[in-house]
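# sequence and predicted structure are below.
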Amino acid sequence: MDTLQRTLVLLKPDALERGIVGEIITRFERVGAKMIGMKLLVSEKDTALQHYTEDLARRRGERVRELMVAMLTSGPIVAIAFEGIEIVEVVRKMIGSTEPKSAAPGTIRGDYAHVSFKHADSLNVGIFNLVHASGSPEEAETEIDVWFKPEELVAFT
Ligand code: IDP
Ligand code: MG
């Protein structure tokens, strides 16, 4: 198994609205994750659909996929590609579980948010949890391709 991996992080519109982009990036810098790509953009609907794929609809329902595509395209986002040793798992650990209410203190979702699935459901919105991170090395490679052209990734040692 190759221990050197890449992962895709998105700072979702709520992170930009809250003005905590720098604080979140600082956390990844602290653990030594190597930034190999970063951009600020407003996502097209097509791109958001490539990111939140059929897989999300299968796992969480078509409604959640639609809500998340709407959320992701609702304002500026920051896309970052990181490289590091088993970095996929490390970054997932750092962001915490999907529902901020359940996310452990010390995680990004646990430290900067607190809302529940129940609350999001009552408003019929996707849950605001600030950050996306790839769930597996395979997902990471697919997602990096969605957000970055090869020439936008910086290789240096
Ligand atoms: P993850 O982001 O922790 O990997 P996924 O299951 O891949 O979680 O879901 C993608 C995103 O969709 C979540 O981060 C969250 O914002 C949103 N989401 C997932 N399930 C629900 C739900 O039941 N209600 C509202 N939003 C949801
Ligand atoms: Mg996911």
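Arrived safely. Bear in mind that the values here come from a model prediction, so they are computed numbers and not experimental data. Ligands and ions are numbered 1, 2, ... in the order given.

# need the pLDDT of residue 155.
With respect to pLDDT, residue 155 scores 85.

# ok, and the closest non-adjacent residue to residue 15?
residue 130 (4.5 Å; Cβ to Cβ, 6 or more residues apart in numbering). C-beta: built from backbone N, CA, C; applies to glycine.

# over to residue 74?
The spatial neighbour of residue 74 that comes closest, neighbours along the chain excluded (Cβ to Cβ, 6+ apart), is residue 13 at 5.1 Å.

# give me the contacts around stretch 127-139.
Stretch 127-139 has contacts (Cβ atoms under 8 Å, 6 or more residues apart in numbering) with 5-12, 14-15, 18, 20, 24, 51, 71, 88, 91-92, 94-95, 98-100, 103, 108-109, 112-113, 115, 117, 120, 140, 143.

# just the buried members of those residues?
Taking 16 or more other Cβ atoms under 10 Å as the criterion, what is buried in these is 5-12, 14-15, 20, 24, 51, 71, 88, 91-92, 94-95, 99-100, 103, 108-109, 112-113, 115, 120, 140, 143.

# those residues in helices, which ones?
Among the buried ones among the contacts of stretch 127-139, the ones falling in helices (DSSP state H) are 14-15, 24, 51, 71, 88, 91-92, 94-95, 108-109, 112, 120, 140, 143.

# out of those, which are close to ligand 1?
By Cβ under 6 Å from any ligand atom, the members of those lying near ligand 1 are residue 120.

# can you tell me which of the ones in helices among the buried ones among the contacts of stretch 127-139 lies closest to ligand 1?
Using Cβ to the nearest ligand atom, residue 120 is the member of these that lies nearest ligand 1, at 4.4 Å.
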